[in-house]
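Enquirer: Build the 3D model from these lines:
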Amino acid sequence: MAKESFDKEIQFLRMLALTSGAFNRQQFAERLGISVHTFDKTIRRLKEIASSVHPQTNEEQSTPLADALRYSYYDSSDPMLLFLFRAKSVKETESERISLLLGAMNGQALTAMELLDLCCGSLSSDLPMPDEKTVRSDLKYLEEVGVIQREPGPRPYRYRIRNDLVRDLTDEELIDLYDFVDVMANTQIPSVQGYLLRDGLKKYLLRNQSESLIVEPFLYKYHYYSRILDEAHLFTLLHAIRGRRKVKFVYFSPKSEQSYASKNTNPLFLKDKQGKTEKTLPLKIVYDHQYGRWYLLAYGREGIRMYRMEGITQIEEDESAAKELFEEKTRQLLESIRYSWLIDTSPPVTVRARFYKPEGPEPDFIKDRVLLQGQWGRIVEEDEASFIYEIVVNGTTEIKPWLRSFGSSCEILEPLRFRREMIAEWKEIQTYYASVRENL
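Expert: Prediction:
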């Protein structure tokens, strides 16, 4: 799969998961800025990827992809959308060639020319034959990602699979490692690389007839699809931050009517493009645990800006920035979000809220949650029935959902404007639950 196609399928899967198949083909195509024909091709491609990872029966293959996402979500401990990352975002010819290279290096160390001869002799006749430059490029990529390693010695260099970890451990040690990776991948951020490692360990154990020893001791389920899908760009951005390099991408804001722009020569679709081309210096990445969203904080022509990761497409690294500029803008950013609940840069305000403790002999789960999630806020007063929590925070927009989630156990005291705002919202919510019949 080409890189552009990977972006398209990420946006495609996000919409499919969020709408649960509520859109028809035409509505989907319009939202993505593609033709209905391209929509059909994307559906077929996604089904091919999914079936290559999870073999399906004839009946399951005929099931619409939207239904598979909707109904198969609880049938497996694997995140449903992870199959997209297993496609590796490479073209089909690259995928077959790399598979041949890895298979050849699995039991022996080979040179680039030996691998070239093997590829030319094993690839299908309908696929283009690689040259030496292509094979060396594949080897460099595989070495960079840690799949293979170069053997010490003089030229010509020899390469072999880097599988010392699984080769040197016993089955029991591998199972312990598998359980550890399973816990970490499902509880830490980010997760995709952990899922891929877990999948590789599981396949290795099954190939070595250890199936009877594999027991899934844990079962994790996520409600946020974007968290998994947005990690497609995460490591590209982290690499750019480490190298102080600018990035270019096409950005679609959450308010945009489209979420993707195809690289299409058809004027019918070119004129409808709503994405904005951005060139910016990434400074920090923030994850919103409450909503499962990733944010990019960066510096550009308009100063410090925040981007929702789900709106970033066609990302590329650009030229590097001066160390002094990067450090200065990073300091400015950290100072502006010093009192931010998440990424808000509004002026700081002091929020005071009274939390009411549960009645009876129940544990004080309200206080426990406030102490766990309340960040740098502190309890300034407390009696048997309640306690007052105080925090200096940039604006009230980002902290509001957290305070509101406590329901009647939380009362806003200050600032007065925020208190009135919450009263108005609760009155509005109350109207939603008004009886539809009088004297019911």
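Enquirer: Can you name the next helix or strand after the helix or strand containing Gln11?
Expert: Applying DSSP states H and E as the criterion places Gln11 in helix 3-19. Following helix 3-19 in sequence order, the next helix or strand is helix 25-32 (DSSP H and E).
Enquirer: quick one: buried residues of that following helix?
Expert: Using 16 or more other C-beta atoms under 10 Å as the test for burial, helix 25-32 gives 28-32. Any C-beta I mention is one placed from the backbone N, CA and C, and that applies to glycine too.
Enquirer: ditto for stretch 356-367
Expert: 357, 366-367.
Enquirer: ok, now stretch 401-409?
Expert: Neighbour-count burial for stretch 401-409, counted by 16+ other C-beta under 10 Å, picks out 402-403, 409.
Enquirer: swap in stretch 101-120?
Expert: 101, 104-105, 109-112, 114-116, 118-119.
Enquirer: Only C-alpha atoms, please: export the helix or strand encompassing Glu317 in CSV.
Expert: In this assignment (DSSP H and E), Glu317 forms part of strand 312-320. Output of strand 312-320 as CSV, limited to C-alpha atoms (Å, rounded to 0.1, in the frame of the first residue of the first chain):
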residue,chain,number,x,y,z
ILE,A,312,-3.4,15.1,9.7
THR,A,313,-2.8,13.5,6.3
GLN,A,314,0.1,13.2,3.8
ILE,A,315,2.7,14.0,6.4
GLU,A,316,6.3,14.5,5.3
GLU,A,317,9.5,15.6,7.1
ASP,A,318,11.1,18.9,5.9
GLU,A,319,14.2,20.9,6.6
SER,A,320,15.7,21.1,10.1
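Enquirer: Show me how far the following helix or strand past it is from its chain's centre.
Expert: Using DSSP H and E, the next helix or strand after strand 312-320 towards the C-terminus is helix 323-336. How far helix 323-336 lies from its chain's middle: 26 Å, per C-alpha atoms, centre = their mean, to the nearest Å.
Enquirer: Looks to me like Glu278 is in a helix.
Expert: No - applying DSSP: H, G, I helix; E, B strand; the rest coil, one finds Glu278 to be strand, outside a helix.
Enquirer: how many neighbours does it have?
Expert: Using other C-beta atoms under 10 Å, Glu278 has 21 neighbouring residues.
Enquirer: Could you do Ile337 as well?
Expert: Neighbours around Ile337, by other C-beta under 10 Å: 19.
Enquirer: what does His233 give?
Expert: For His233, using other C-beta under 10 Å, the count is 21.
Enquirer: Please apply the same query to Ser253.
Expert: Ser253, neighbours per other C-beta under 10 Å, totals 12.
Enquirer: Can you tell me the SS state at it?
Expert: Ser253 is classified as coil under three-state DSSP.
Enquirer: That one and Ile312 touch, don't they?
Expert: No - applying C-beta atoms under 8 Å, one finds Ser253 not in contact with Ile312, separated by 10.8 Å.
Enquirer: picking up where we left off before, save the buried residues of stretch 401-409 as JSON lines, and put in distance to Phe326 and pLDDT too.
Expert: Converted to JSON lines, the buried residues of stretch 401-409 look like this (distance: C-beta to C-beta, whole Å; pLDDT from 0 to 100):
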{"residue": "Trp402", "distance to Phe326": "32", "pLDDT": "94"}
{"residue": "Leu403", "distance to Phe326": "36", "pLDDT": "95"}
{"residue": "Ser409", "distance to Phe326": "44", "pLDDT": "93"}
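Enquirer: can you map out the strands along the stretch 301-440 of the chain?
Expert: Applying DSSP state E, counting those that start in this stretch to the stretch 301-440 of the chain gives strands spanning 303-308, 312-320, 348-356, 378-382, 386-394, 410-414.
Enquirer: swap in the stretch 51-200 of the chain?
Expert: Taking DSSP E, counting those that start in this stretch to define them, one finds strands in the stretch 51-200 of the chain at 110-111, 148-150, 158-161.
Enquirer: Bridged to Val250, which residues?
Expert: Beta-bridge pairing for Val250 (DSSP bridges): Thr277, Thr313.
Enquirer: Retrieve the pLDDT associated with it.
Expert: At Val250, the model reports a pLDDT of 90.
Enquirer: Next: Phe23.
Expert: 80.
Enquirer: and it, what is it in contact with?
Expert: Contact partners of Phe23, counting by C-beta atoms under 8 Å, 6 or more residues apart in numbering, are 15, 31.
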